[in-house]
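Participant: next come a sequence and a model predicted from it.
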Amino acid sequence: MTHRIQLPLTREKAAKIKSGETVYLSGQIYTARDAAHKRFMELIKNGAELPVPIEDAVIFYVGPTPARPGQVIGSAGPTSSYRMDAYAPELLKLGLRGMIGKGKRSKAVINAMRDAGAVYFAAIGGAAALLASCIKSCEPIAFEDLGTEAVHLITVEDFPVIAVIDSRGEDLYISGRMAYLGR
Amino acid sequence: MRIIEAPLFTPIVSHLCIEANCRLPQDVRARIEHCRKTEDWSIGRNMLDKIIENYKVAEANNMPICQDTGLVCVFLEIGEDIFIKGNIADAVNEGVRLGYKEGYLRNSVVGEPLFGRKNTRDNTPAMLYTEYVPGDKIKITVAPKGFGSENMSQIKMLRPSDGLAGVVKYVLKTVEAAGPNSCPPIVVGIGLGGTFDKAALLAKKALMRPVGEVNNNPQYAAFEEELLVKINTLGIGPQGFGGRTTALSVAIEYMATHIAGLPCAVNINCHAARHASEVV
């Protein structure tokens, strides 16, 4: 089954997505990786406002290459998600509804996703040139001093991802391998 | 005696940084395309199709294959009959600095690992490896190493009694633990013997061997093939969604070691197994 989803990702839209499905996302997404997440946590701890409206938002774990003149963005593939596992539950509690990365997530993240009705998507790791062609605009919105790790607001059109872990906690990294081995 | 000025390395390293990041080498492509034909799982085939499409798009548009343009590993195989005038490391780092700027490559290096973690903003320093070889030529290899796969690499001081079975078990355990995180299909470099540090270096050197080339020692060549078959029955598959193609190849490098030891290092590379060389 293939879905086309217009963002933001509401709880209702997220609930319809099942692990293993291909999803094409269109709309606005925020980029953030290790250093930006660390700053998010400091802001939350201090009771300050996040630079990203987190309710129903989707965060893409990416640090793109610099854009050449005339390009919207450079190559932009996912980074390993487990490094954000320490931070994700806190953001899910605040209404974060989707994450795009690659690789496994911790039990704590999956439990927090169930509570939040959130989905974890994978983009193809290392397919960064291909993914960049689905990004139509990109502007920095916070922590510009972090360079490639700054938070950007990007607009995507039919951005291809695979729903790995759905809002029920089903995990394609487990079920896909089991299905293959049991073929 | 041939005399070379160190600054000669700068433009070569600069060019190789861009070349390696934007054009996947032919050996890796041939192997991925072969695996596409033998992959027996639909989603696995689909992932390999996208990976192939990606490196073609990257080459056509002169874009990096992956946004993680890596920590630059530079291998210099220096002929013994050469004298290099000047500072080699400075010349190499200047090449990295230029290449990453001109090629619009990502600066992914922090100057210090624990307290500040400040980005050096020019992707220096490179990890420099030098080795003396017979002759009067220098081979320069630039291999930008992505950390998705580097982070999944492991080393263990096995006991001699662990033997062949111990190595098999440890390699499979490492690949299994890496799972989807290291962007499979992966290239597995294994270093056996030496000391703790030499084993790791051997594993890194194993990753530099062209995919498809086997170890000169027939016993090790057969062991590479055996490990590849075993890894590809784990079912992890391209991107970890299931399938046959978990690894593209296994390369082992070995050397002498102590009577009490069997150091075993497993260095993993992703499918964007980038390297480019030039001989001067």
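Facilitator: Everything's here; your move.
Participant: show me what contacts residue 77?
Facilitator: You didn't say which chain, so I picked chain A. A:62, A:102, A:123, A:124, A:125, A:126, A:127, A:128, A:131, B:66, B:67, B:68 (CB atoms under 8 Å, 6 or more residues apart in numbering or on different chains). For glycine as for every other residue, the C-beta is placed from the backbone atoms N, C-alpha and C.
Participant: you looked at the wrong chain, it should be chain B
Facilitator: B:131, B:132, B:133, B:138, B:139, B:141.
Participant: can you give me the neighbour number for residue 169?
Facilitator: Going with chain A. Residue A:169: 13 surrounding residues under other CB atoms under 10 Å in any protein chain shown.
Participant: chain B, not that one
Facilitator: When neighbours are counted by other CB under 10 Å, residue B:169 comes out with 13.
Participant: the residue nearest to it when sequence neighbours are not counted in helix, strand or coil?
Facilitator: Nearest non-adjacent residue to residue B:169, counting by CB to CB, 6 or more residues apart in numbering or on different chains: residue B:162, 7.9 Å away. Three-state call for residue B:162 (DSSP: H, G, I helix; E, B strand; the rest coil): helix.
Participant: these two touch, right, residue B:162 and residue B:192?
Facilitator: No - Residue B:162 is not in contact with residue B:192 according to CB atoms under 8 Å; the separation is 11.4 Å.
Participant: in the chain, where's the longest strand?
Facilitator: All of this is about chain A. strand A:151-165 (DSSP state E).
Participant: please go with chain B instead
Facilitator: Per DSSP E, chain B has its longest strand at strand B:247-257.
Participant: how about that strand as PDB, C-alpha atoms only?
Facilitator: The C-alpha trace of strand B:247-257 is given here as PDB (Å, rounded to 0.1, in the frame of the first residue of the first chain):
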ATOM      1  CA  ALA B 247      27.000  -7.600   2.400                       C
ATOM      2  CA  LEU B 248      28.600  -6.800  -1.000                       C
ATOM      3  CA  SER B 249      31.900  -8.300  -0.100                       C
ATOM      4  CA  VAL B 250      34.200  -9.400   2.700                       C
ATOM      5  CA  ALA B 251      37.900  -8.600   2.700                       C
ATOM      6  CA  ILE B 252      40.400  -9.900   5.200                       C
ATOM      7  CA  GLU B 253      43.900  -8.600   5.900                       C
ATOM      8  CA  TYR B 254      46.200 -10.400   8.300                       C
ATOM      9  CA  MET B 255      49.600 -10.200   9.800                       C
ATOM     10  CA  ALA B 256      51.800 -11.900  12.400                       C
ATOM     11  CA  THR B 257      50.700 -11.700  16.000                       C
END
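Participant: and it, what's buried?
Facilitator: Residues of strand B:247-257 classed as buried by neighbour count (16 or more other CB atoms under 10 Å in any protein chain shown): B:247, B:248, B:249, B:250, B:251, B:252, B:253, B:254, B:257.
Participant: strand partners of it, parallel vs antiparallel please.
Facilitator: strand B:186-194 (parallel) (DSSP bridges).
Participant: what sits in contact with each of residue B:162 and residue B:192?
Facilitator: residue B:262.
Participant: and the two? Which one has more around it.
Facilitator: Counted by other CB under 10 Å, residue B:162 and residue B:192 do not tie: residue B:192 has more neighbours, with 21 against 16.
Participant: show me what from the stretch 1-150 of chain B comes close to chain A.
Facilitator: Residues of the stretch 1-150 of chain B that fall close to chain A, judged by CB under 8 Å from any CB of the partner chain: B:41, B:43-44, B:47, B:50-51, B:53-55, B:57-58, B:61, B:63-69, B:104-108, B:117, B:119, B:121, B:146, B:148.
Participant: filter the residues you listed down to the buried ones, ChimeraX style.
Facilitator: In ChimeraX, a selection of the buried entries from those looks like this (16+ other CB under 10 Å):
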select /B:41,43,44,47,50,51,54,55,57,58,63,64,65,66,67,68,69,104,105,106,107,108,119,146,148
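Participant: now, which of the residues of the stretch 1-150 of chain B next to chain A lie within helices?
Facilitator: Judged by DSSP state H, those include B:43, B:44, B:47, B:50, B:51, B:53, B:54, B:55, B:57, B:58, B:61, B:148 as members of helices.
Participant: for the residues you listed, which one is nearest residue A:92?
Facilitator: residue B:148 (23.1 Å; CB to CB).
Participant: mind listing the strands for chain A?
Facilitator: Applying DSSP E to chain A gives strands spanning A:2-6, A:22-31, A:58-60, A:98-101, A:119-122, A:135-142, A:151-165.
Participant: just the pLDDT at residue 27, thanks.
Facilitator: You didn't pick a chain, so chain A it is. pLDDT, residue A:27: 98.
Participant: wrong chain, I was asking about chain B
Facilitator: For residue B:27, the predicted pLDDT is 97.
Participant: and it, that one's in a helix?
Facilitator: Yes - the assignment for residue B:27, made by three-state DSSP, places it in a helix.
Participant: thought it was touching residue B:212?
Facilitator: Yes - under the criterion of CB under 8 Å, residue B:27 makes contact with residue B:212 at 5.6 Å.
Participant: quick one: which of these two has more around it?
Facilitator: residue B:27 (17 against 14).
Participant: how about that one, what does it touch?
Facilitator: B:210, B:211, B:212, B:213.
Participant: any idea which helix or strand comes after the longest strand of chain B?
Facilitator: strand B:262-269 (DSSP states H and E).
Participant: quick one, that next one and strand B:186-194 angle?
Facilitator: Between strand B:262-269 and strand B:186-194, the angle comes out at 160 degrees (axes from the mean of the first three to the mean of the last three CA atoms, to 10 degrees).
Participant: packing partners for strand B:262-269?
Facilitator: Secondary-structure packing of strand B:262-269 (3 or more CB pairs under 8 Å, 6 or more residues apart in numbering or on different chains; DSSP states H and E): helix B:147-150, strand B:154-158, helix B:163-178, strand B:186-194, helix B:196-208.
Participant: closest one to residue A:181 among the ones you listed?
Facilitator: So among the helices and strands packed on strand B:262-269, helix B:163-178 is nearest, using CB to CB, at 12.4 Å.
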